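Participant: Make a model of this:
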Amino acid sequence: AVGMADAAPHAVDVTDAAPHANMADAAPHATLSVAGEQRRVPVTPGVTTAAALVEAVADRYDADSVKLLHRGKRLAPGDALLPGMKVLCLGTTRDDRAKVAAIKSDPTLRGFEAEAAREATRRGGAAPPGQHAEYKFCRIKAVERFDGRGGPHRYAAEALLRSLAKEVSPIMVSHEWTVGALIEMDPRDDRLLKKKEQDGGCLLGYNENAGARIYVRLRLDDASFRERDDLLKTLLHELCHNVVGPHNAAFFALYASLRTEHLGRRAPAPAPSSLADLSDPSRASARDVVVSELARESANGAISGGERMSAAVVAQALARAPE
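Facilitator: Down below sits the predicted model:
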């Protein structure tokens, strides 16, 4: 992200590795991503449904475990397919299911949920709610090289990612979004990050393949964590790319809607008493906070003129709208 935003959405092409185009390549098809492998499934508009994709992975997954994700939303077997669609397939192999069924639990060990409930009981509070069973981040991963020396441990980073995922869970549910993974972006090794820094910007996150994976930079240069509200803004920004790719007016309007929805869930706060309070998410109204954020984005010299104009148009429209 550049300031509040990220760079132009990072899309990873999912085309076959065939060296030369042929008649099969030209035929209408959908591209199915299965465990890193790309499969082409023929599509007849108005006839072919997502059930054909389930059949296409019958050699690998049990049908009842298959989840098909397109632009962050889950496809039902009866949903129509269109040529050019790119679909992510998740599922459980028969071998994996057999291995899990063969494992016997150790009665002397507590599971994660049991441990959380035990700790909550000790503190006198309730265990934090998890994500929705369907509309969620399917996988969460932190950068493994952080071992607690010179910055928070990777376990703390993973806990932070899970906490952020839980906070935006109501938004995921209301928009029926399912994202393949929420991943910590490595501030040292990421090539996109280095390129953006050379251009004078600062990449804070990116959305890969419209919801296949979302990367968020959790850490500052000294490896300490960024402010939580900044992380939430980045995450909401990246969720917008499930639906809208470019940073145009439609994108900023969707961001304004998500940010307003998110801020609307916070506890009531005292009315603002100074200009500084208008940019403080804990004091100002949700609309005033979002207008302020978009106004700053419209003055961000690290993004294009068209992007700044789009942010300004949405900020002005939101400022004129009734509370």
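
Participant: From here on, just use CA atoms for contacts and neighbour counts.
Facilitator: Will do.

Participant: Below-threshold pLDDT in the stretch 151-300 of the chain: ranges please.
Facilitator: Counting by pLDDT under 70, the ranges of the stretch 151-300 of the chain that qualify are 189-202, 267-283.

Participant: any idea where the strands of the chain begin and end?
Facilitator: In the chain, the segments counted as strands under DSSP state E are 29-34, 37-42, 67-70, 73-74, 86-90, 140-141, 182-184, 205-208, 213-216.

Participant: who touches Val314 in this structure?
Facilitator: Counting by C-alpha atoms under 8 Å, 6 or more residues apart in numbering, Val314 touches Ala249, Phe252, Ala253, Leu294.

Participant: Quick check: Val291 vs Gly36, distance?
Facilitator: As judged by C-alpha to C-alpha, to the nearest Å, Val291 and Gly36 stand 41 Å apart.

Participant: These two: who's more crowded?
Facilitator: Neighbour count, other C-alpha atoms under 10 Å: between Val291 and Gly36, Val291 has more, with 23 against 10.

Participant: thought the more buried one was touching Leu318?
Facilitator: Yes: Val291 is within contact range of Leu318, at 6.6 Å (criterion: C-alpha atoms under 8 Å).

Participant: if I look at those two, which residues touch both of them?
Facilitator: Among the neighbours of Val291, none is also in contact with Leu318 (C-alpha under 8 Å, 6+ apart).

Participant: Any idea what the residue most central in space within the chain is bridged to?
Facilitator: Nearest to the geometric centre of the chain sits Ile214, at 4.1 Å (C-alpha atoms, centre = their mean). Beta bridges link Ile214 to Leu182, Asn207, judged by DSSP bridges.

Participant: so it makes contact with Glu208?
Facilitator: Yes: assessed by C-alpha under 8 Å, Ile214 is found in contact with Glu208 at 6.1 Å.

Participant: follow-up on the earlier one: I'd like to know how far the residue nearest to the centre of the chain sits from Ser285.
Facilitator: Distance from Ile214 to Ser285, by C-alpha to C-alpha: 28 Å.

Participant: Phe137 now?
Facilitator: According to C-alpha to C-alpha, Phe137 stands 29 Å off from Ser285.
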